[in-house]
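A.B. asks: predicted coordinates and the sequence they were generated for:
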Amino acid sequence: MFETVLEQLLLQHLAPYVVGLSKDNLRLGVFSGSLQLRDLRFRPEALAVLGLQGFRVKSGSIGLLSISVPWSTLYTGQVQVTFERVCAQVEHVGDNTERSTEELLQLLREDRRKSVQTRAAQLRSFEVERRRRVQAGKGEGEGEADTGFVVRLVRMLVNNLVASVADVELALVSDPHGFAGAIELGLLSARSLDEGFSAQTLPEKGREQVAATASSRSSMHKRITCKRFGVRMSAAGSSSLLAGSWPLLSPINFSLLLSHVPAQQLLKLKLEVGTEQLTTIALLRSGLKRLMSVQASMADEDGRLAKLLVPPAKRQTIPIDDAEAGEEYAQLLYRKSLLDLDLSLEGSAALASSNVRKLTADEEARLHLLEDALPIGVLAKLQADNALEIEAMIAEKPSKGPDGFLGRLSASFCGDTKNRLAVGSGQEALLGAAWLTAEEQAQLMKDFSDESKIEVVEPPRVTKMEVLIGNADIKLVDDRWSADHEQSCVLRLHIREQRFLVGLVMGN
């Protein structure tokens, strides 16, 4: 049941960013409840898929991904997720002078295509969910009950989750600009606590976990801890952090305490920043000047790449209004998608009745031009709408969406496998892949409906937040004539411990 769901989630949400994930290397670990994956290399286009266009991962990996799931005690046992030794060196796509113009163009288009494809799939899922709610014709009271189920389900999973990310270094290196900067993180962890925000150790388990008391089931207490978070920059004119660097932000620690008490409909947050030691922020004139110069140069490079992707002469043929250009693209995409469709009997009938004509060479070129010119968000929305329209057209008959959260969750995990359609530029995607067998579906729904395992919880109406900031030392240094930061400090600001309280009460 849940093993298959976890396997599919890992493939869907992790595989686009790392190399080497497959059902073969996941299945044994997932079904045994103990999965360990080592040396997962980041895909070069991972940042583009996340929406950071213009940047690529030059090198990087996850040293260890460990997932431990107690399948036999899923509702009370701990789910542990650990990432260790996460490192990545990032470069601007224009910094690599070894690529030819043709290779650069192909790289830019491929990164855009993967980013659009990922976002389109997400948008389609959101729209399917919205349409199902509309078709179900739910009343206001039922909608609130649905929300309550979502809250209690999510809270149960979060309350059982222990997650940590250790030894992280993300570096941006630009050899042409003589610049390097890095974000470093020693540890980021999240774990459940008791009402006094302290963890208990159960000897028979041999590991730290929260006692399964009635109190812990009726409320959630979580601590998120960050240790040794810092920012470094390379020395002036150097693109190596090893040759010498200065801390823009000295390593600091912070923690967030979260408490959800359903009986009081209360959510409490307490953020503590830099309370364990003095936090130092050093702003060097040379470093800030170099940082602004690199930022301006990369912006100019982005402009050059945009002109390379869509030459100014062709840009003038595209409507300034994205909506107008998007309408033209949607019409061309719709026709191309129908022609690229892997036709079933229903698809053949729909295509014959729609009298679709093949795109001419000029129309094909125009479609590719619009894909290069339109914003990624616009393209993703149009491709998601196109996928939904074709799916509806080739369906045997309109089907009413399942009622309630349980039904929609069932449809998401146990969907129809007959519909395949071309999304975007001939990219085939499976819609509604069946994740579970019929027996697993029945058991999953029974477990989710069991109120003894998932109790009723109302969304919080009262939120209280406390922010505690420790001592901080901010220095502005003019290092043109002296390398001694104390002697060349022109402005110094010392912040003593500060505390802020915020309260928010939601109306009925």
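C.D. replies: In hand now; what should we look at? Everything numeric here is computed off the predicted structure, so don't read it as measured data.

A.B. asks: going forward, measure contacts and count neighbours with C-alpha atoms only.
C.D. replies: Noted.

A.B. asks: how far off centre is the helix or strand where Ala306 lies?
C.D. replies: Ala306 belongs to helix 285-309 when assigned by DSSP states H and E. A distance of 26 Å separates the centroid of the chain from that of helix 285-309, by C-alpha atoms, centre = their mean, to the nearest Å.

A.B. asks: then stretch 113-129?
C.D. replies: With C-alpha atoms, centre = their mean as the basis, the mean position of stretch 113-129 lies at 13 Å from the chain mean.

A.B. asks: buried residues of it, list them for me.
C.D. replies: 113-121, 123-125, 129 (16 or more other C-alpha atoms under 10 Å).

A.B. asks: now it: mean pLDDT?
C.D. replies: Here stretch 113-129 scores 83 as its mean pLDDT.

A.B. asks: before we move on, what about stretch 223-230?
C.D. replies: For stretch 223-230, the per-residue pLDDT averages 92.

A.B. asks: now it - C-alpha only, CSV.
C.D. replies: What follows is stretch 223-230, C-alpha atoms only, in CSV (Å, rounded to 0.1, in the frame of the first residue of the first chain):
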residue,chain,number,x,y,z
ARG,A,223,11.5,21.7,17.0
ILE,A,224,13.4,22.8,13.9
THR,A,225,17.0,23.5,14.5
CYS,A,226,19.6,25.0,12.3
LYS,A,227,23.3,25.0,13.3
ARG,A,228,26.3,26.7,11.8
PHE,A,229,24.6,28.6,9.0
GLY,A,230,27.0,31.0,7.3
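
A.B. asks: let me have the buried residues of stretch 113-129 in CSV, extended by secondary structure.
C.D. replies: CSV is the format used below for these (DSSP: H, G, I helix; E, B strand; the rest coil):
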residue, secondary structure
Arg113, helix
Lys114, helix
Ser115, helix
Val116, helix
Gln117, helix
Thr118, helix
Arg119, helix
Ala120, helix
Ala121, helix
Leu123, helix
Arg124, helix
Ser125, helix
Glu129, helix
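
A.B. asks: poorly predicted segments of the stretch 351-500 of the chain, please.
C.D. replies: 351-356, 395-459 (pLDDT under 70).

A.B. asks: for whichever strand in the chain runs longest, name the packing helices and strands.
C.D. replies: Identified as the longest strand of the chain according to DSSP state E is strand 245-261. Strand 245-261 makes packing contacts with strand 220-234, strand 266-273, strand 279-284 when contacts are defined by 3 or more C-alpha pairs under 8 Å, 6 or more residues apart in numbering; DSSP states H and E.

A.B. asks: export those strands to CSV and tack on distance to Tyr17 and mean neighbour count?
C.D. replies: As requested, the helices and strands packed on strand 245-261 are exported to CSV (distance: least, C-alpha to C-alpha, whole Å; neighbours: other C-alpha atoms under 10 Å):
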stretch, distance to Tyr17, mean neighbour count
strand 220-234, 24, 21
strand 266-273, 31, 18
strand 279-284, 33, 20
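
A.B. asks: and these as CSV, adding distance to Glu169?
C.D. replies: Formatted as CSV, the helices and strands packed on strand 245-261 follow (distance: least, C-alpha to C-alpha, whole Å):
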stretch, distance to Glu169
strand 220-234, 10
strand 266-273, 21
strand 279-284, 19
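
A.B. asks: relative to strand 220-234, how tilted is the helix holding Ala306?
C.D. replies: Orientation check (axes from the mean of the first three to the mean of the last three C-alpha atoms, to 10 degrees): helix 285-309 against strand 220-234 gives 90 degrees.

A.B. asks: so which elements touch helix 285-309?
C.D. replies: Using 3+ C-alpha pairs under 8 Å, 6+ apart, helix 285-309 sits against helix 101-136.

A.B. asks: any idea which of the helices and strands packed on strand 245-261 gets closest to Gly377?
C.D. replies: strand 220-234 (30.8 Å; C-alpha to C-alpha).

A.B. asks: please tell me how far the residue positioned nearest the centre of the chain sits from Asp111.
C.D. replies: Closest residue to the average C-alpha location of the chain: Leu50 at 6.9 Å, with C-alpha atoms, centre = their mean. Per C-alpha to C-alpha, to the nearest Å, Leu50 is found 10 Å from Asp111.

A.B. asks: returning to what we had before: quick check, the residue nearest to the centre of the chain in contact with Ser115.
C.D. replies: Yes: the pair Leu50 / Ser115 is scored as a contact, 6.8 Å apart, by C-alpha atoms under 8 Å.

A.B. asks: returning to what we had before: what comes into contact with the helix holding Ala306?
C.D. replies: The contact list for helix 285-309 (C-alpha atoms under 8 Å, 6 or more residues apart in numbering) reads 54, 92, 94, 105, 108, 177, 179, 233, 235-236, 372-373, 476-480.

A.B. asks: okay, buried residues for that helix please.
C.D. replies: Applying a neighbour-count criterion of 16+ other C-alpha under 10 Å, one finds Gly287, Arg290, Leu291, Val294, Met298, Glu301, Asp302, Leu305, Ala306, Leu309 buried in helix 285-309.

A.B. asks: which of those sits closest to Ser219?
C.D. replies: Ser219 lies nearest to Leu291 out of the buried residues of helix 285-309, by C-alpha to C-alpha, at 46.3 Å.

A.B. asks: report pLDDT for the closest one.
C.D. replies: pLDDT at Leu291 comes out at 86.

A.B. asks: cool, and Gly137?
C.D. replies: In this prediction, Gly137 carries a pLDDT score of 58.

A.B. asks: please renumber so the chain begins at 58
C.D. replies: Yep, numbering from 58; the last one is Gly194 now.

A.B. asks: so where does the closest residue to Ile375 other than its chain neighbours fall, helix or strand?
C.D. replies: Of all residues not flanking Ile375 in the chain, Ala382 sits nearest, at 6.5 Å (C-alpha to C-alpha, 6 or more residues apart in numbering). Using DSSP H and E, Ala382 maps to helix 379-397.

A.B. asks: with just CA atoms, put that helix into PDB.
C.D. replies: Written as PDB, here are the backbone C-alpha positions of helix 379-397 (Å, rounded to 0.1, in the frame of the first residue of the first chain):
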ATOM      1  CA  ASP A 379       1.500  37.700 -23.300                       C
ATOM      2  CA  ALA A 380      -2.200  36.800 -23.400                       C
ATOM      3  CA  GLU A 381      -2.400  37.500 -27.100                       C
ATOM      4  CA  ALA A 382       0.800  35.600 -27.800                       C
ATOM      5  CA  GLY A 383      -0.300  32.800 -25.500                       C
ATOM      6  CA  GLU A 384      -3.600  32.400 -27.400                       C
ATOM      7  CA  GLU A 385      -1.700  32.000 -30.600                       C
ATOM      8  CA  TYR A 386       0.600  29.400 -29.000                       C
ATOM      9  CA  ALA A 387      -2.300  27.500 -27.500                       C
ATOM     10  CA  GLN A 388      -4.000  27.100 -30.900                       C
ATOM     11  CA  LEU A 389      -0.800  25.800 -32.500                       C
ATOM     12  CA  LEU A 390       0.000  23.500 -29.500                       C
ATOM     13  CA  TYR A 391      -3.500  22.000 -29.500                       C
ATOM     14  CA  ARG A 392      -3.200  21.000 -33.200                       C
ATOM     15  CA  LYS A 393       0.200  19.600 -32.700                       C
ATOM     16  CA  SER A 394      -0.800  17.700 -29.600                       C
ATOM     17  CA  LEU A 395      -3.600  16.000 -31.500                       C
ATOM     18  CA  LEU A 396      -1.400  15.000 -34.300                       C
ATOM     19  CA  ASP A 397       1.300  13.700 -31.900                       C
END
